[in-house]
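Colleague: I'd like to go over a predicted model; first the sequence, then the structure.
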Amino acid sequence: MRRRNFLALGGVWFDTDCGGGRTKDIVPPSPPPALRLLFGGDVMLSRHVGRIARQKQDPSWPFRELAGTLKDADIAFVNLESPFSDKGRRTEKGMVFKADPEMISGLVDAGIDVVSTSNNHARDCGSYGVTFTLEWLAKHGILAVGTGATGEIAHAGVVLERKGVRFGFLAYTYDQLNGNYTDHDPRIAVMDLDRMKQNVQSMKTRSDVIVVSMHAGTEYRRTPHKGQVEFARAAINAGARLVVGHHPHVIQTVEEYGGGLIFYSLGNLVFDQSHRRDTQRGLLAEVIFNGARLDGYYLLPVDIKLTVPRVLEPATEASG
Ligand SMILES: [Zn+2]
């Protein structure tokens, strides 16, 4: 069996039955189900990524190496950095992204269950793109978190149940303007400590494990800044078990904090930033649960070659 980095966490039971230890059960409970969640960083399906896929006549091209790995997970999550739109010109360069609708097939083939749509590129295809992306994802059976038809929906998050365990996802971005707007679209959840804490509180009533997606950080910096640390730790303190970060385009540290895990940045997963080596390396975080109990995690280093990521063997990089 291949060896990966694995850091077991101490016994952190999330949903204990605090009945003072007086249990009437005489039949030993069956062991909780093992669950594997996989988290990837930034997925950008526009620009050069789209161009190569068109050349290959295969919109699933970017995921051809990773689809099997992602599909095996009980839940697979990525940050969708490029909105989809069926209107307007194709984006070949620059910092405004637009993914061709057909590019969703890569996410579908990889069995991606939930994507964060709350990021600084969420409005790159305008208000229409926010709506189109939500509807397009829904039509393909992929949940979107961090944006919604209304601000309330965007902040409510989504819940996925697997083997009887309810995983609640929330997502936030440091910015929703990308330098192109002066107004604020309430349908995109931005990082606000108080509102996030309220959302986590409300999510506790609907889920067993809470995952907070955080789109933030300084681009190309390997360490998180104060705002990331503050937000992520506040999420854990409020009741989240995992915080999954992205946006810096490079890998940042992993922190075991308060019985939870913070991945400050998983780096790129599908991106065309071939000008630097560290933007061609990302991480898949594989997080293991036994029932609702967080058991540990593996870091799977990913190498991106011509917009196609693949898992490096053996695992050689662990942050934290
Ligand atoms: Zn970003």
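Modeller: Perfect, thanks for sending it. From a predicted model like this one, the values you see are computed outputs, not experimental measurements.

Colleague: how distant is stretch 228-246 from the center of its chain?
Modeller: In terms of Cα atoms, centre = their mean, to the nearest Å, the centre of stretch 228-246 is set 13 Å apart from its chain centre.

Colleague: Only alpha carbons, please: show that stretch as PDB.
Modeller: The C-alpha coordinates for stretch 228-246 follow below in PDB (Å, rounded to 0.1, in the frame of the first residue of the first chain):
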ATOM      1  CA  GLN A 228      -7.000  34.500   7.200                       C
ATOM      2  CA  VAL A 229      -5.800  33.200  10.600                       C
ATOM      3  CA  GLU A 230      -8.400  35.300  12.500                       C
ATOM      4  CA  PHE A 231     -11.300  34.200  10.300                       C
ATOM      5  CA  ALA A 232     -10.300  30.500  10.200                       C
ATOM      6  CA  ARG A 233      -9.800  30.200  13.900                       C
ATOM      7  CA  ALA A 234     -13.000  32.100  14.600                       C
ATOM      8  CA  ALA A 235     -14.800  29.600  12.300                       C
ATOM      9  CA  ILE A 236     -13.400  26.700  14.300                       C
ATOM     10  CA  ASN A 237     -14.200  28.400  17.600                       C
ATOM     11  CA  ALA A 238     -17.700  28.900  16.400                       C
ATOM     12  CA  GLY A 239     -18.100  25.200  15.700                       C
ATOM     13  CA  ALA A 240     -16.600  24.400  12.300                       C
ATOM     14  CA  ARG A 241     -14.400  21.300  12.100                       C
ATOM     15  CA  LEU A 242     -12.600  22.100   8.900                       C
ATOM     16  CA  VAL A 243     -11.600  25.400   7.200                       C
ATOM     17  CA  VAL A 244     -10.600  25.000   3.600                       C
ATOM     18  CA  GLY A 245      -8.600  27.900   2.100                       C
ATOM     19  CA  HIS A 246      -7.800  28.900  -1.500                       C
END
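
Colleague: List the buried residues of that stretch.
Modeller: For stretch 228-246, the neighbour count (16 or more other Cβ atoms under 10 Å) marks 228-229, 231-236, 238-246 as buried. All C-beta atoms are positioned from the backbone trio N, CA, C, and that covers glycine.

Colleague: right, is that stretch up against the ion?
Modeller: No: judged by Cβ under 5 Å from the ion, stretch 228-246 stays clear of the ion, getting no closer than 7.0 Å.

Colleague: residues touching the closest residue to the ion within the stretch 101-250 of the chain, list them.
Modeller: Closest residue of the stretch 101-250 of the chain to the ion, Cβ to the ion: His247 (3.9 Å). The contact partners of His247, taken as Cβ atoms under 8 Å, 6 or more residues apart in numbering, are Asp42, Asn79, Asn119, Asn120, Thr173, Tyr174, His215, Ala216, Gly217, Glu219, Ser265.

Colleague: which of those residues are buried?
Modeller: Asp42, Asn79, Asn119, Asn120, Thr173, Tyr174, His215, Ala216, Gly217, Ser265.

Colleague: Settle this for me: the second one is touching Gly41, isn't it.
Modeller: Right, the one you point to is Asn79. Yes: contact between Asn79 and Gly41 holds when scored by Cβ atoms under 8 Å: they sit 6.1 Å apart.

Colleague: For the residue of the stretch 101-250 of the chain closest to the ion, what are phi and psi?
Modeller: When read as degrees, to the nearest 10, the backbone of His247 gives phi 120, psi -40.
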